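S.K.: The following block contains a protein sequence and its predicted model.
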Amino acid sequence: MVAYPDYIDIRKIGINRTGLTTEEKFRYSLTIDLKEEIKNVLVVIMMNPSHANEVSSDKTVNTVIDYAYNHYDKLIIFNALPIVDPSNDNFDNIKNLDFHCKKNVEAINTELDYLIKNNFIIHVLLATGIPKSSKKIFDQELQNVYKILLDNITENIPEQIQNVAGGITENIPEQIQNITDRITKFWG
């Protein structure tokens, strides 16, 4: 774990662990207000959470913050899998994984619906990487995220879905592939 950048007010960091005990290692979202007035929101979809929380960050989250701070007012990080595991090496034997994956999808749907209904300008960055193992579970949950994006975002703002090199699995829906083929890549 590392510190958040000095310009981040940690009082404006929110974690969605709705219904979880402190012992459960799941996170449905990490939200950081970067400015006082919120108009432009960067939604980042990553593979799975590391240990970033309300007090401590991690290298990947800080990289995203550094980019988002100069371009957006709010940053929301979701994950294809909600399991807090910095090594992302084995998701196969997680207790109640289906339950937590469904809650993860609900959290993403709810937040995107809120942003769209309230006319926020939303940019989506797909930055999932590929797990070391458990690819079947990951691919299924990534497909669920793509479906959310197709249902909620692409009909409204298709040009705002962006792809990070290596962040897309081979069996993505054709609609998403067509969109991601048309846009530039971050952090080349």
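M.R.: Great, that's in hand.
S.K.: got a list of what residue 51 touches?
M.R.: 1, 58, 84, 86 (Cβ atoms under 8 Å, 6 or more residues apart in numbering). (C-beta placed from N, C-alpha, C; glycine too.)
S.K.: now those residues as TSV including secondary structure?
M.R.: Converted to TSV, those look like this (DSSP: H, G, I helix; E, B strand; the rest coil):
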residue	secondary structure
1	coil
58	coil
84	coil
86	coil
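S.K.: which of these count as buried?
M.R.: 58, 84 (16 or more other Cβ atoms under 10 Å).
S.K.: Farthest pair within the contacts of residue 51?
M.R.: Taking Cβ to Cβ as the measure, these span a maximum distance of 11.6 Å, between 1 and 84.
S.K.: Low-confidence stretches in the chain?
M.R.: Residues of the chain meeting the criterion pLDDT under 70: 19-24, 88-90, 92, 153-188.
S.K.: longest helix of it?
M.R.: Longest helix in the chain by number of residues (criterion: DSSP state H): helix 97-117.
S.K.: which residues does residue 91 contact?
M.R.: Residue 91 makes contact with 48, 81, 83, 85, 97, 131, 133, 134, 137, 138, according to Cβ under 8 Å, 6+ apart.
S.K.: again, only using 6 Å
M.R.: With contact set as Cβ atoms under 6 Å, 6 or more residues apart in numbering, residue 91 has these partners: 81, 83, 134, 137.
S.K.: Out of those, which sit inside helices?
M.R.: Using DSSP H, these in helices are residue 137.
S.K.: on that earlier part again, residues in contact with the longest helix of the chain?
M.R.: 16, 26, 28, 29, 41, 78, 82, 122, 141, 144, 148, 152.
S.K.: quick one: which of those residues has the most company?
M.R.: Counting neighbours by other Cβ atoms under 10 Å, residue 82 leads those with 28 neighbours.
S.K.: who's in contact with it?
M.R.: Contacts of residue 82 (Cβ under 6 Å, 6+ apart): 26, 27, 28, 100, 104.
S.K.: if we go to 10 Å?
M.R.: Counting by Cβ atoms under 10 Å, 6 or more residues apart in numbering, residue 82 touches 16-17, 20, 24-29, 48-49, 94, 97, 100-105, 107-108, 141.
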